[in-house]
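# predicted structure and sequence below. I'll ask about it afterward.
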Amino acid sequence: MSWRASVLSLFPDMFPGPLGQSLAGRALENGVWSLDVTNIRDFAHDRHRTVDDTPFGGGAGMVLRPDIVDAAVAAVADDRPVVCLTPRGRPFSQDDARRFAAGPGIVLLCGRYEGIDQRVIEARQMQEISIGDYVLSGGELAALVLLDAIVRLLPGVMGAADSAVEESFGNGLLEYPHYTRPAEWQGRSVPEVLLSGHHGAVAAWRQAEAERITRERRPDLWAAAASRHHAVTAAS
Ligand code: 6GU
């Protein structure tokens with residue numbers, strides 16, 4: 001049984017989109033994972049295939065009806081977690097990607113319009129997830145982002161080399177910078193230590209660069225990494 005993704009969307013043609021290419025695309029062809037996409041509009045009951053209505057309490061925009069969304073979820077639901085993509089959700093993380101990759105698959109509900117009736121989110125015990133502090137016109141691109149991050153972690157999708165890279169983000173730091181030939185380009189040379197052949201010195205330089213870049217660009221990640229480090233050293 002391969003890892004299964006079910007997507008519920010009003011724009012089913014957006015899938016698999018970029019996931020039909022590269023690493024995820026090859027894994028899809030090889031049967032490492034499967035993707036089914038359901039058009040939420042197929043669950044409307046009226047002649048105009050209406051899926052939304054005006055918000056109780058007034059205000060701008062339209063809200064997806066709970067009965068229509070519930071019927072769409074019911075068509076695919078099994079033992080997999082149901083995730084609702086929304087800018088109101090908890091921020092998506094590498095830990096979430098690892099957790100979903102370790103399970104049987106995922107059901108992704110893509111919101112549109114102003115939102116989804118909160119009762120169906122509660123009734124179906126959905127996890128509300130966001131991919132960052134900006135507003136997209138719908139959950140579809142966010143669903144593609146989650147799937148890309150998860151699928152590359154499935155067994156047999158990445159080579160051994162990439163697995164090591166994944167662990168290096170697992171230490172909570174940003175990655176050190178990379179260089180390849182030519183050793184001199186437009187008057188810019190590669191850091192001397194990388195040409196030295198001293199593996200210990202290279203590893204120390206990379207660790208120091210990872211720490212410097214994390215401190216400069218992501219003080220939030222740096223503080224979290226530092227507090228983990230203190231907890232570990234205090235316990236020993
Ligand atoms: Cl999951 N959906 C939408 N519409 N906008 C977002 C988002 C999700 N995450 C960040 N912005």
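Done, it's in.
# drop to CA atoms for contacts and neighbour counts, all remaining ones
Fine.
# which elements pack onto the longest helix along the chain?
Ranked by residue count under DSSP state H, the longest helix found in the chain is helix 199-217. Packed against helix 199-217 by the contact rule (3 or more Cα pairs under 8 Å, 6 or more residues apart in numbering; DSSP states H and E) you find helix 219-235.
# tilt between the helix it packs on and helix 199-217?
130 degrees (axes from the mean of the first three to the mean of the last three Cα atoms, to 10 degrees).
# can you classify Val7 as helix, strand or coil?
Three-state call for Val7 (DSSP: H, G, I helix; E, B strand; the rest coil): strand.
# what helix or strand is the residue positioned nearest the centre of the chain located in?
Compute the mean C-alpha point of the chain, and by Cα atoms, centre = their mean the closest residue is Leu146, 2.6 Å away. Using DSSP states H and E, Leu146 maps to helix 140-151.
# what about that helix, distance to the chain center?
Mean-position distance between helix 140-151 and its chain equals 5 Å (Cα atoms, centre = their mean, to the nearest Å).
# that helix and the ligand, are they touching?
Yes - applying Cα under 6 Å from any ligand atom, one finds helix 140-151 in contact with the ligand at Ala142.
# name the residues that touch that helix?
By Cα atoms under 8 Å, 6 or more residues apart in numbering, the list of residues contacting helix 140-151 from outside reads 7, 9, 11, 14-16, 18-19, 24, 33, 85, 92, 94, 97-98, 100-101, 108, 110-111, 130-131, 157.
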